[in-house]
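Enquirer: from the sequence below, what's the structure:
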Amino acid sequence: MKVLVIGGGGREHAILWKLAQSTRVTKLYCAPGNGGTEEVAQNVPIGAHDFAALSQFVKDEGISLTVVGPEDPLLAGIVDFFSERGLPIFGPSSQAAQIEGSKTFAKDLMKRHQIPTAAYESFTDYEAALAYLRAQGAPIVIKADGLAAGKGVVVAESLEEAEQALAQIMQDGVFGNAGARVVIEECLRGEELTLLSFVDGETVKPMITSQDHKPAYDGDKGPNTGGMGTYAPVPQMSNELVAQIVSTIVEPVAKAMVAEGYPFKGVLYTGLMITAQGPKVIEFNARFGDPETQVVLPLLDSDLLDVFEATINGTLADQDVAWKSDSACCVVMAAPGYPGDYPKGASIELPANNGETVIFHAGTKLADGVLVTNGGRVLGVTGVGATLAKAREIAYQTVGKTHFEGAHYRTDIADKALKQHVK
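Expert: All right, here's what the predicted structure looks like:
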C-alpha cells in the first residue's frame, strides 16, 4: 500500500518512521517533507495547502491513504476536499477541527457539556477585555483564539504582564487574525499532562501519556514555544487517573461532537492540568502533538497503518492498540533565537545511528547534498530505554554528539518525573 503524509516537521517524520515498520506499506511519500523524511519516504514538492495538486498526485500515483500532520490544512478543509473525491484520508473534518482552530469554540463546547476546564470569557473588543482582565487580576491566562503555532498563550503572573500581552495580541496583532478574538481564563495550578487518543466518532482509544515542556528555557522559564521536549509515559500519573480523564473528558467530548453534528475522526490531543480538584482541560488539538508524537509512536506496539484505517472506517472498537513497556524521552534542539527570529542554513553534524536513538528532523533541508537548518525547532532527539532514566540518558548522550552553530536545548527534560518517581 502507498501512503502519503502531509507536512514537513518532526511529527511527520515520526509518523513516516512508524509507518515504514508496517509490512503492508510498499511506498511512502511526504509533501513537502524535510531533510530527514527522505530517509524513509519520497519527498514531494507540493505545499500542504495545495489541495488540488495533492489530490491529483494521490490519484496519479495510486496512493491508498493520505495522513495529515499539521493543523492548518485540517482547518482549511483538506479532509472534506479529499472525502468529496472519494480519497481515503486520516484526520478530522474542518468543522470538527474547530476544536483546535477556535479556543472559544472548544471552551463553549466544554461549558455546554459540563467538561472540566478553567473558568473563562472571550472577547473581540479590546476595552471590554481589558476591563475584565483588571477585574479578575493576576495570575491569569491570555490566549489568542486562533492558531498561533503553539505560541499564542501567555501565562501572566502580574497584571502589568497581562495587560502587555493583551495589547500585543489585540492591538499590535502579533498573531495576526488569530488574535482578533482572545480567551481570558483562570490560571490553573498543578502538573501538565498530554493524552493523545485515536477517535473514530464515539470510540476512544487512548495512547500512553506524555508531558511536553513548552517554555524555552530550563525550569520552565522564558517564552512559550511549540515544545522543547517531552517524555512518555508519565510515571507520576496513575492508570486510574488516565481512566478518569478518558471517562470524564475525552469520551464525553467525542460524544458531544457526534451529538452536535460534527463527529471527530482522527487524533484528539487533550492538554490537561492535574489540579487539586482533579484533571481540567487546558486545550484540545485536532491532530498528533509535536513533539509528543516523537515519544509516543516509538512505544506503539501495534501497526500504525491498521489503527489509521480502523479510525477512518469506524471500526476502532475492534482494533487492538498495544504499547511497549519501555520509556522514551525527546530533546528538541532549536536554532539560536527561537522562538523569536532565528538564522537558517547552518550545517548539521549527526552522529552514527546507535540503535537506541531516533533523530527526528523538523527544521532541516538538504542544500546541495548538505544537511542544514531550516526552521526554529531543528531536531527532536528521542532516546528509548527500559526506564525513563535510561531513555533520558540515551537522548542527552546523542544530543551531545549532534552539532550545528548556536544549537539551543533544555537540559531538564523529564526532571519532574525523575524527581517525583524515579523509574
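Enquirer: can you list contacts of stretch 116-126?
Expert: With CB atoms under 8 Å, 6 or more residues apart in numbering as the contact definition, stretch 116-126 has outside contacts at 103-104, 107, 110-111, 129, 132, 141, 145, 166-167, 170-171, 180-188, 248-249, 273, 277-282. No exception for glycine: its C-beta is placed from N, CA and C like everyone else's.
Enquirer: show me how to select, in PyMOL, the buried members of those residues.
Expert: Buried members of the contacts of stretch 116-126, identified by 16 or more other CB atoms under 10 Å, are gathered into one PyMOL selection as follows:
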select buried, resi 103+104+107+110+129+132+141+145+166+170+181+182+183+184+185+188+249+273+279+280+281+282
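Enquirer: which of the contacts of stretch 116-126 fall within strands?
Expert: Among the contacts of stretch 116-126, the ones falling in strands (DSSP state E) are 141, 182-186, 273, 278-282.
Enquirer: okay, these in CSV with pLDDT next?
Expert: Formatted as CSV, the ones in strands among the contacts of stretch 116-126 follow (pLDDT from 0 to 100):
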residue, pLDDT
141, 90
182, 89
183, 87
184, 90
185, 92
186, 92
273, 93
278, 93
279, 96
280, 94
281, 95
282, 91
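Enquirer: show me where pLDDT drops low in the chain?
Expert: The chain contains residues with pLDDT under 70 at 149-151, 421-423.
Enquirer: all helices for it, in order.
Expert: Using DSSP state H, the helices of the chain run over residues 10-19, 51-61, 71-76, 78-84, 98-101, 103-112, 126-136, 159-170, 239-245, 251-259, 293-296, 304-313, 388-399, 415-420.
Enquirer: one step back: show me the two of the ones in strands among the contacts of stretch 116-126 that sit farthest apart.
Expert: Distance extremes for the ones in strands among the contacts of stretch 116-126: the farthest pair is 182 and 278 at 26.6 Å, using CB to CB.
Enquirer: neighbours of residue 257, how many?
Expert: The local packing of residue 257 (other CB atoms under 10 Å) involves 24 other residues.
Enquirer: kindly report the same for residue 209.
Expert: The number of residues packed around residue 209, counting by other CB under 10 Å, is 24.
Enquirer: so who does it touch?
Expert: Remark: with contacts taken as CB under 8 Å, 6+ apart, residue 209 is in contact with 193-195, 232-234, 237, 242.
Enquirer: of those residues, which is the most crowded?
Expert: The member of the contacts of residue 209 surrounded by the most neighbours (other CB under 10 Å) is residue 232, with 32 neighbours in all.
Enquirer: surely that residue touches residue 296?
Expert: Yes: applying CB atoms under 8 Å, one finds residue 232 in contact with residue 296, separated by 5.4 Å.
Enquirer: joint contacts of the two?
Expert: Counting by CB under 8 Å, 6+ apart, the contacts common to residue 232 and residue 296 are 208, 210, 328.
Enquirer: quick check: the last one vs residue 320, distance?
Expert: With the distance defined as CB to CB, to the nearest Å, residue 328 ends up 21 Å from residue 320.
Enquirer: ok, the two, which is more surrounded?
Expert: residue 328 (28 against 11).
Enquirer: so what's the most centrally placed residue in the chain up against?
Expert: For the chain, residue 289 is the residue whose C-alpha lies nearest the centre (CA atoms, centre = their mean; 1.5 Å). For residue 289, the contacting residues are 11, 194, 196, 210, 212, 227, 230, 269, taking CB under 8 Å, 6+ apart as the criterion.
Enquirer: change it to 10 Å
Expert: Residues near residue 289 by CB atoms under 10 Å, 6 or more residues apart in numbering: 11, 150, 194-196, 210, 212, 226-227, 230, 267, 269-271, 295-296.
Enquirer: list the ones among those that fall in strands.
Expert: The strands, defined by DSSP E, take in 194-196, 210, 212, 230, 267, 269-271 from the contacts of residue 289.
Enquirer: selection in ChimeraX covering whichever of these are buried, please.
Expert: Remark: buried members of those, expressed as a ChimeraX selection using 16+ other CB under 10 Å:
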select :194,195,196,210,212,230,267,269,270,271
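Enquirer: for residue 416, what are its contacts?
Expert: Each residue near residue 416 by CB under 10 Å, 6+ apart is listed here: 191-192, 211, 213, 220, 231, 234, 236.
Enquirer: so what's the residue count around residue 338?
Expert: For residue 338, the number of neighbouring residues by other CB under 10 Å comes to 22.
Enquirer: measure the closest residue to it other than its chain neighbours to residue 401 for me?
Expert: Distances taken as CB to CB, 6 or more residues apart in numbering place residue 376 nearest to residue 338, at 3.8 Å, with adjacent residues excluded. Here the distance between residue 376 and residue 401 works out to 22 Å (CB to CB).
Enquirer: neighbour count: these two, which is higher?
Expert: Neighbour comparison, residue 376 and residue 401: the larger count goes to residue 376, with 23 against 13 (by other CB under 10 Å).
Enquirer: in contact with the more buried one, which residues?
Expert: By CB under 10 Å, 6+ apart, the residues touching residue 376 are 149, 151, 225-226, 332, 334-342, 344, 362-363, 408.
Enquirer: hmm, residue 44 and residue 53 touching each other?
Expert: Yes: look at residue 53 against residue 44 with CB atoms under 10 Å: they come within range, at 9.2 Å.
Enquirer: what do the two both touch?
Expert: Between them, residue 53 and residue 44 share the neighbouring residues residue 31, with contact defined by CB under 10 Å, 6+ apart.
Enquirer: mind checking which of those two has more residues around it?
Expert: For residue 53 versus residue 44, the count of surrounding residues by other CB under 10 Å is larger for residue 44: 17 against 14.
Enquirer: which non-adjacent residue is nearest that one?
Expert: Distances taken as CB to CB, 6+ apart put residue 31 closest to residue 44, at 4.2 Å, once the chain neighbours are dropped.
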